[in-house]
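K.L.:
Sharing a sequence plus its predicted fold:
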Amino acid sequence: MKLKAISYCFVLILGASALKTTAQNNVITWLTKADRSVLFTKQNQVLTFSVTQNNNPTITVNDKQTYQPIDGFGYSLTGGSAQHIINMSAPARAALLKELFATDGNNIGVSYIRLSIGASDLNEKVFSYNDLPEGETDLQQEKFDLGLDKADVIPVMKEILAINPKIKILGSPWSPPLWMKTTYDARGGMLKPEFYDAYAKYLVKYVQEMKKQGIIIDAITVQNEPLHPGNNPSLLMVAPDQAIFVKQSLGPAFKKAGLNTKLIIYDHNADRPDYPITILDDKEARKYIDGSAFHLYGGKIEALTDVHNAHPDKNIYFTEQMVVERPGSSNINIINPVSRLIIGATRNWARNVLEWNLAADSENKPFTDRGGCPSCQGAVTIDKDNVSRNIAYYSVAHASKFVRPGSVRIASNETANLPNVAFKTPTGLKVLIVANTAKETQNFNINFNRKLVSATLGKGDVATYTW
């Protein structure tokens, strides 16, 4: 009887091992085709690793070589986004938020959200949390109030947190309260040095008051687009001033308050890597700084690696890019945001990738006057309870659903016309995202542990492969 039992257990072990090997050999594909015939859809055909050789280009994935950890992928929940979402009926809103933030089924699993601290240019009107008449001040932030965000951003965030309690949240200010600025105007101007400490208290208060609402702010950037004072709202903050503000006021204020919220500098285009590098060169400022954040309206994505190489102990984040498609277009230019942002930023050390606006209406409203953004399309377009999905939705989905927080980027070679990036998730899943930028269909291989999978991508198509 003992011999039979041992034999039976041996058979069970062999069977389980065979099932595991089979599962590891199978590759699942999620595809988006440029002609819109397939939009982020799981494919029925399962690809299988084998030892068969061919002469096609090969992407070799090596999980023994690792790079930066990944915090997540997502969007900015602007005030305008939250306004549209909160105005939906409760069932429609619940369905949309589940689709965006849950990971099961066809839901896309957004895992990182950016909020504006006060208004951004995609609010109906400009406001801060401490608006006072010109000439008045409130150095101790006794009149601080989250105000207008209580009507939309905060209740929407609470519903999101009910779906994903671990979602990471980044806050970014577009402007301090007007009474702190050199001009009493939401657009441009600079932060008066005599109000550096008051503004630091304001940002501390934001983190503390959001925590009281059950919303934990993981990080803040010191200033959104500090070299773009023409937006409404906005602030000009040159690098030497940001360094002084961080080391003399903001860093010490966060430390005194016992906040674990990370401080991230720059938050602007990749054409000025000197901005974050000069601040990180300042020994007093750098001790308070977690890393640098970037947009890509100017410069080259490789500049993120330049900053990483200059200060490899500091993190890199990608925090904004507007991604737009022409309404009614017969094709979807999915390869552009996937190759430039999802692949490009992470191959250049970014721990996250955030595209810009989560939601807008068909006219891209709301936006502020005198410097708002009338062309900022949402990842989803909302018309009452009706939702349509745009290019930003699909490009982020190709990463967010699979590359969960805690994943790590792993090595994959760069191949002509097949930009790609690979990750290993906390559960051991391998994820490879590939875009075909060639002018024709590409047949290629995925090589992992000296076995190959043969795959095909049409012109302009994007696929995520998992095994």
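P.N.:
It's in.

K.L.:
Going by C-alpha atoms from here, please, whenever you check contacts or count neighbours.
P.N.:
OK.

K.L.:
Please enumerate the strands of the stretch 1-150 of the chain.
P.N.:
Ranges of strands in the stretch 1-150 of the chain, per DSSP state E, counting those that start in this stretch, are 26-32, 41-42, 47-48, 58-69, 72-76, 112-117.

K.L.:
Let's see the last one as CSV, backbone CA atoms only.
P.N.:
Listed in CSV are the C-alpha atoms of strand 112-117, where the atom choice follows Å, rounded to 0.1, in the frame of the first residue of the first chain:
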residue,chain,number,x,y,z
TYR,A,112,-1.4,55.5,-10.9
ILE,A,113,-3.3,58.8,-10.8
ARG,A,114,-2.2,62.4,-10.9
LEU,A,115,-4.2,65.1,-9.2
SER,A,116,-3.8,68.9,-9.5
ILE,A,117,-3.2,70.7,-6.2
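
K.L.:
how about the helices of the stretch 101-250 of the chain, start to end?
P.N.:
Assigned by DSSP state H, counting those that start in this stretch, the helices in the stretch 101-250 of the chain fall at 153-163, 196-212, 239-245.

K.L.:
and of these, who's closest to residue 184?
P.N.:
For residue 184, the closest of the helices of the stretch 101-250 of the chain is helix 196-212, at 15.2 Å, according to Cα to Cα.

K.L.:
who touches that closest one?
P.N.:
For helix 196-212, contacts defined as Cα atoms under 8 Å, 6 or more residues apart in numbering pick out 117, 138-141, 144, 146, 176, 180, 216-217, 245, 249-250, 253-254, 257, 261.

K.L.:
just the buried members of these?
P.N.:
By neighbour count, with 16 or more other Cα atoms under 10 Å, those hold 117, 138-139, 141, 144, 146, 176, 180, 216-217, 245, 249-250, 253-254, 261 as buried.

K.L.:
Of these, which is the nearest to residue 102?
P.N.:
Within the buried ones among the contacts of helix 196-212, distances to residue 102 taken as Cα to Cα reach their minimum at residue 216, with 18.9 Å.

K.L.:
Tell me the confidence at that closest one?
P.N.:
Residue 216 carries a pLDDT value of 98.

K.L.:
element containing the spatially most central residue of the chain, please.
P.N.:
When Cα atoms, centre = their mean is applied to the chain, the residue found nearest the centroid is residue 354 (2.4 Å). Per DSSP states H and E, residue 354 falls inside strand 350-357.

K.L.:
Compute the inter-axis angle for that strand and strand 58-69.
P.N.:
Interaxial angle, strand 350-357 versus strand 58-69 (axes from the mean of the first three to the mean of the last three Cα atoms, to 10 degrees): 90 degrees.

K.L.:
so who does the nearest residue to residue 235 once chain neighbours are set aside touch?
P.N.:
Nearest non-adjacent residue to residue 235, counting by Cα to Cα, 6 or more residues apart in numbering: residue 188, 4.5 Å away. Residue 188 makes contacts with 228-236, as judged by Cα under 8 Å, 6+ apart.

K.L.:
Please apply the same query to residue 67.
P.N.:
Here residue 67 is in contact with 349, 408-411 (Cα under 8 Å, 6+ apart).

K.L.:
Recalculate using a threshold of 6 Å.
P.N.:
Neighbouring residues of residue 67 by Cα atoms under 6 Å, 6 or more residues apart in numbering: 409-410.

K.L.:
which stretches of the stretch 351-467 of the chain form helices?
P.N.:
Under DSSP H, counting those that start in this stretch, the stretch 351-467 of the chain gives helices at 391-400.

K.L.:
any low-confidence regions in it?
P.N.:
Regions of the stretch 351-467 of the chain meeting the criterion pLDDT under 70 are absent.

K.L.:
how close does the residue nearest to residue 338 when sequence neighbours are not counted get to residue 465?
P.N.:
Distances taken as Cα to Cα, 6+ apart place residue 395 nearest to residue 338, at 5.6 Å, with adjacent residues excluded. Distance, residue 395 to residue 465, by Cα to Cα, to the nearest Å: 14 Å.

K.L.:
the more surrounded of these two?
P.N.:
Of the pair residue 395 and residue 465, residue 395 is the one with more neighbours under other Cα atoms under 10 Å, namely 26 against 22.

K.L.:
measure the more buried one to residue 69 for me?
P.N.:
The spacing between residue 395 and residue 69, counted by Cα to Cα, is 20 Å.

K.L.:
on that earlier part again, next one: the residue nearest to residue 338 from residue 374, what distance?
P.N.:
Distance from residue 395 to residue 374, counting by Cα to Cα: 22 Å.

K.L.:
How about residue 176?
P.N.:
Distance of residue 176 to residue 374, computed by Cα to Cα: 23 Å.
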